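Asks: One predicted model, sequence on top.
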Amino acid sequence: MQTSSQLMHHNQAIIPEPVLDALKIREGDAIVFEIDQAGVHLRKAPSIDQAFTQALQGTLSEWDSVADDEAYADL
């Protein structure tokens, strides 16, 4: 199956319904564009547990120093 859409103002495009159905995405879902030599691939982004992410953030302060920034700047 092939379907198309048109690029609109501010580089926005409507994702055709067959694509939404195939990816099982709906309004508010995050999507990912993967670019490789074969082309550009669109997929649904995995959901993020916001409460866990915020709770985890407070435990990462041991790596938040100038010395760490310098040591890992090239990564």
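Replies: Looks like it came in fine. Residues are numbered from 1 along each chain as shown.
Asks: Tell me the secondary structure at residue 10.
Replies: helix (DSSP: H, G, I helix; E, B strand; the rest coil).
Asks: Tell me, how many residues neighbour it?
Replies: The local packing of residue 10 (other Cβ atoms under 10 Å) involves 5 other residues. (Each C-beta comes from the backbone N, C-alpha and C, glycine too.)
Asks: For residue 20, see how far away residue 29 is.
Replies: Counting by Cβ to Cβ, to the nearest Å, the gap from residue 29 to residue 20 is 9 Å.
Asks: now residue 13
Replies: From residue 13 to residue 20 the distance is 12 Å (Cβ to Cβ).
Asks: For stretch 68-75, measure first residue to last.
Replies: 11 Å (Cα to Cα, to the nearest Å).
Asks: Check stretch 7-22 too.
Replies: 21 Å.
Asks: and what of stretch 62-75?
Replies: 18 Å.
Asks: quick one: average confidence on it?
Replies: Stretch 62-75 comes out with an average pLDDT of 84.
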